[in-house]
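Asks: A predicted structure for the sequence below; I have some questions about it.
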Amino acid sequence: MAQEARTAVPVLAEHGAERRRLPWYLELWVRLLREKPLGTVGLLIVVGLVLTAVFADGIARSGPNDTDLANARARPSWQHPFGTDQLGRDLFSRVVYGARVSMYVGLGAVALGVTMAVVLGTVSAYVGGLLDMVLQRIVDAWLSIPTLVFLLAMVSVLKPSLGTVIFSLALLMTFSNSRVIRASVLAIMAMPYVEAARALGAGHLRVVLRHILPNVVAPIIVIATLGLGSAILAEAALSFLGFGVPPPAPAWGGMLSGSARQYIYLAPWLGIFPGLAIALAVFGFNMLGDALRDLLDPRLRRGH
Amino acid sequence: MRKYVVQRLLLMVPTVLFVSMVIFSLIRLIPGDVTQIMVENFKYADDTKELKRQLGLDQPIPVQYARWLWGVVRGDFGTSIWTKRSIGDELKTRFPVSLELGLYAMLVSVALAIPVGVLAAIRQDTWIDYVLRTFSIIFLSVPGFWLATLVVVLPSLWWQKSPLLPWAYFHEDPLRNLLVLTTPALILGVDRAAALMRMTRSQMLEVLRQDYVRTAWAKGLRERRVVLRHALKNALIPVVTIIGLQVPVILGGSLIMESIFNLPGMGQFLINVINQRDYPMLQAITVVFTVTVLAVNLVVDIIYAYLDPRVRLG
C-alpha cells in the first residue's frame, strides 16, 4: 500500500500523505500486534502487570499486611480468591501488591543497569585501545563470579533493603549487557555515515550522542525488556533465599521462603499462587522481548 | 593447541587476582562489623580491639590481602572466624557436591537442548516446532526454586511420602548418589536447556540455509548425514559460547537446589556463612567458585577451538 502512495500522481499526494509511514517506534508496535501473536500475548501480560502494580490499592481486597488470625490458612474462596496465609493475610492482596515490589525492583535495576551498561559499553568501544582492553578484562573477571554468589555477597555486605537489591541487580546487569552495547557501537562506528560526520568536523560528543547512540536504541529496548524479566526472577530467587526485599514487604519470592515454607504442607495454595505470579510475569517479559528482538534485529529477522 | 591452552591458563591468573581483590576490599570497606556482634553477644574476646588483633583485622588492608594471598597460594584458606575450623577442610567435603550437581545439570541441559533444538529447526513452523518452542519459553519463565518446592511438597501431600532420598556420597554408593541428584539436576537442567535449545534452533536455521548445506543435499546425501555431519557442527559453535556463559548461572542455581533438597553441598552452608558474616569463609567460597567457572569455561573454549579452527590459528 505504501508503494502505491509513493508512485501515485501528484494530485493524490494529499491522500498519500495520510498513509505516510509511521515513525519507527509506533510502527514497531503496529508490527508487533500484526505479526507476532505470542509477542502480543506478552505485551498484554506486561500491561496487565503494570496496571496491577499501579492500581494495587484498588484491586487488592485488603492491605498486604492486614492480619486476621481467626482466618489463618483459609482455603481459596470468594472472599479470599487465593486463600489466606499463616497470619490470615489475604494472599490475593499480597500477590497484587507483590506486583508493585517486582516492578520497583525490575524497573529500578533495569534503568540503572542499562544506563551504566550503555556508558561502559560506549566508552569502551569508542575510546578503544588500552582502555578498551583493560575494561573488557575487568568485565571478563566480573562475569566469572557465579551470579548468585555475587548477589549474596553484595547483599551480605550492604544492608538488605529494596535499594540494595536494585543496586546489586543493576551492577550484574551492567557487566553482562555492556558487551552487547559495545559490540553494537563497534558495528555502528564502522559505518560510512559516522566517518562522514567526523569528516564534517563533528566533535566526539556530537558523534556519540547524535550518530551512534540513536542507533543503539534497538538493542537497548531488547536488553531492557528481557532484563526486566530476569531481574524479577533474580529478585524472587533472592527473596526466596531470605536475602531479598526484607519482610513484611509482599515480595513474591519471599512468600515461598523461610518460615512460610513449612505452611505450604498445610496450605498448598500458599505455594502455588506466588510462584504462578512470578512465572506469568517473567513469561510476559520473555515473550515480549523475544518478539521485539525479532522485529528490531535485522540479522535475526532473516532466520525466522 | 597446547600453546592456546597455556595462554588461556596464564590469562586466568590476573582474573582470579582481580576478583579476589574486589571481594576482599568490598568486605572490608563497608562496615558491617561482625566483631562487635561476636564480642557483645557471644563473648569471643574481651573487646573488639582484642578480637580484631586476634583475627589480624587490625592490619592495613593491603597487608591483610598479601597475607591471605600467600596462604591461598600454599593451599591454606585460613579458618572460620566463628568455628575456627579449617576452611580448606570444610570446602573439601562440601564443594564436590555442588560441582557434581552443577556438572550433572549442565549435562542434562546439553543432552536435552541440542537434539530438541535440531528437531525444532528441521521441522521449522510445524506443530512440533511450535510445541517445543512454547515449552521452552514456559520453562525459561518458571522459577526453578518454585518448581523444586512443588516437586518436594506435592508428593508428600498426595501420597504422604517425601520424595527426598537419604544422601550418599559418590564414593560410598555411586548409584544412590546419582539417584538423589537426578531430580535437582533435571529441574536445574531443564531451566537452562530452554535458553540453549532456542540458540541451537536459530543457529541451525541459519546454517541450514547456507550454500554448502544445499550442496550436500544436492549430492544426494541422506537427511541424517546433512543435518548431523554438515550443519550441526557449524551451528554448535555459538551454542558452545552460550554453554560457557551459563556456567556461573548453573553453579548459582545448584546452591538453591541444594538448600531445597537438603544436600550437603555449599548451598545452605553459604547462606549460613552470609548470615553470620563469616568473611574469610565467604572470600574462600567466592574464589573457589570463580576458579571453577574459569576452569569449566576453559574446557568449553577448548571444545570451541576444536570445533572452529579459526580460533586456534587466530
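Replies: Sure, I can see it. Numbers count the residues shown, from 1 in each chain, chains lettered A, B, ... in the order given.
Asks: Residues contacting stretch B:71-79, please?
Replies: Contact partners of stretch B:71-79, identified using CB atoms under 8 Å, 6 or more residues apart in numbering or on different chains, comprise B:Ser20, B:Trp68, B:Arg85, B:Ser86, B:Ile87, B:Gly88, B:Leu91, B:Pro280, B:Ala284, B:Val287. (Glycine included, C-beta is placed from N, CA and C.)
Asks: which parts of it are buried?
Replies: With burial defined by 16 or more other CB atoms under 10 Å in any protein chain shown, the residues of stretch B:71-79 counted as buried are B:Gly71, B:Val72, B:Phe77, B:Gly78, B:Thr79.
Asks: Kindly report the same for stretch B:121-134.
Replies: Across stretch B:121-134, burial judged by 16+ other CB under 10 Å covers B:Ala121, B:Ile122, B:Asp129, B:Leu132, B:Arg133.
Asks: do the same with stretch A:25-40
Replies: Quick answer for stretch A:25-40 (16+ other CB under 10 Å): A:Leu28, A:Arg31, A:Leu32, A:Lys36, A:Leu38, A:Gly39, A:Thr40.
Asks: So which of the residues you listed reach chain B?
Replies: Applying CB under 8 Å from any CB of the partner chain to the buried residues of stretch A:25-40, one finds that A:Leu38 fall near chain B.
Asks: Which stretches in the stretch 151-300 of chain A count as helices?
Replies: A:162-189, A:192-199, A:204-206, A:217-241, A:252-255, A:260-264, A:269-296, A:298-301 (DSSP state H, counting those that start in this stretch).
Asks: Render the CA-only coordinates of the second one in CSV, please.
Replies: Output in CSV follows, covering the C-alpha atoms of helix A:192-199 (Å, rounded to 0.1, in the frame of the first residue of the first chain):
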residue,chain,number,x,y,z
PRO,A,192,30.3,5.4,6.5
TYR,A,193,27.9,7.9,7.9
VAL,A,194,29.9,8.1,11.2
GLU,A,195,33.1,8.7,9.2
ALA,A,196,31.1,11.4,7.2
ALA,A,197,30.0,13.1,10.4
ARG,A,198,33.6,13.1,11.6
ALA,A,199,34.9,14.4,8.3
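Asks: Report the mean confidence score over stretch A:33-52.
Replies: Mean pLDDT, stretch A:33-52: 88.
Asks: coming back round to it: any idea which of the buried residues of stretch B:71-79 is closest to chain A?
Replies: B:Phe77 (15.5 Å; CB to the nearest CB).
Asks: and that closest one, what are its phi and psi?
Replies: The phi/psi pair for B:Phe77 (degrees, to the nearest 10) reads phi -90, psi 0.
Asks: How about A:Thr174, nearest residue that isn't a chain neighbour?
Replies: A:Met116 (4.1 Å; CB to CB, 6 or more residues apart in numbering or on different chains).
Asks: can you give me the offset of the helix or strand harbouring B:Leu298 from its chain's centre?
Replies: Assigned by DSSP states H and E, B:Leu298 belongs to helix B:279-307. A distance of 9 Å separates the C-alpha centroid of helix B:279-307 from that of its chain, computed with CA atoms, centre = their mean, to the nearest Å.
Asks: Could you do stretch A:186-204 as well?
Replies: With CA atoms, centre = their mean, you get 31 Å for stretch A:186-204.
Asks: Over to stretch A:240-251?
Replies: From the chain centre to the centre of stretch A:240-251 is a distance of 20 Å (CA atoms, centre = their mean).
Asks: ok, now stretch A:197-216?
Replies: Distance of stretch A:197-216 from the chain centroid (CA atoms, centre = their mean) equals 28 Å.
Asks: Next: stretch A:171-180.
Replies: How far stretch A:171-180 lies from its chain's middle: 13 Å, per CA atoms, centre = their mean.
Asks: By mean pLDDT, point me to the weakest helix or strand of chain B.
Replies: Least confident helix or strand, chain B: helix B:309-313 with a mean of 62, by mean pLDDT, DSSP states H and E.
Asks: whoops, I mixed them up, chain A
Replies: One helix or strand of chain A scores below all others by mean pLDDT, DSSP H and E: helix A:2-7, with a mean of 42.
Asks: Pull out the buried residues from the helix or strand containing B:Gly253.
Replies: If you go by DSSP H and E, B:Gly253 is part of helix B:232-261. The neighbour-count check on helix B:232-261 (16+ other CB under 10 Å) flags B:232, B:234-240, B:242-244, B:246-261 as buried.
Asks: Tell me the gap between it and the middle of its chain.
Replies: Counting by CA atoms, centre = their mean, helix B:232-261 comes out at 7 Å from the chain centroid.
Asks: quick one: is it near chain A?
Replies: Yes - remark: helix B:232-261 sits within contact range of chain A at B:Leu245, B:Pro248, B:Val249, B:Leu251, B:Gly252, B:Gly253, B:Leu255, B:Ile256, B:Ser259, by CB under 8 Å from any CB.
Asks: Understood, closing this out.
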